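**Student:** Quick one, what's the 3D model for this:
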Amino acid sequence: MNDHPLPALRNQLLSLHKLLLDSERAAYEKEGNAVQSPMQFLQLLMEHERFAWLRQLSQLVVMMDEAMEEKPPITKERADALVAEARHLLMGSDEPGSFAARYAKVRELEATVAAAHAEISKSFE
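**Tutor:** Numbers count the residues shown, from 1 in each chain. This next block holds a predicted model:
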């Protein structure tokens, strides 16, 4: 796994996840919805429809974490499959409501998200 891109990709996806959470929270609050505490925000993340699209990225990062902790160690094939899943999630279907479609909109609005995406894209080459 030392020379496989999965560990670095996982870290990049986690950073991207944080950027997306911050962006969605700011948009939510801009609409007049106050987030009073970290616990309230966590509850919104888990239950509110507005944040549902981000759960796919959360789940992928968790899957990567679990796979990298497996005994025996993760196989190259499994690591490659997780990288492919990340590629599909970020660059896949642009059907309305899909993760990729929502993500593309945020990328257009947020320079930090666009920059993170450019870095992540290098993992897919």
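**Student:** residue closest to the middle of this protein?
**Tutor:** For the chain, the residue sitting closest to the mean C-alpha position, by Cα atoms, centre = their mean, is Leu57 at 3.5 Å.
**Student:** any weak-confidence spans in this structure?
**Tutor:** Flagging of the chain using pLDDT under 70 yields the residue ranges 1-2.
**Student:** and the nearest residue to Phe99 once chain neighbours are set aside, how many neighbours?
**Tutor:** Among residues not flanking Phe99 along the chain, Gln56 sits closest, at 4.9 Å (Cβ to Cβ, 6 or more residues apart in numbering). Where you see a C-beta, it was placed from the backbone N, CA and C, and this is true even at glycine. Gln56: 15 surrounding residues under other Cβ atoms under 10 Å.
**Student:** so how far is Gln40 from His88?
**Tutor:** 32 Å (Cβ to Cβ, to the nearest Å).
**Student:** hang on, I meant Pro96
**Tutor:** For Pro96 relative to Gln40 (Cβ to Cβ), the value is 29 Å.
**Student:** Can you check which helix is longest in this structure?
**Tutor:** helix 6-30 (DSSP state H).
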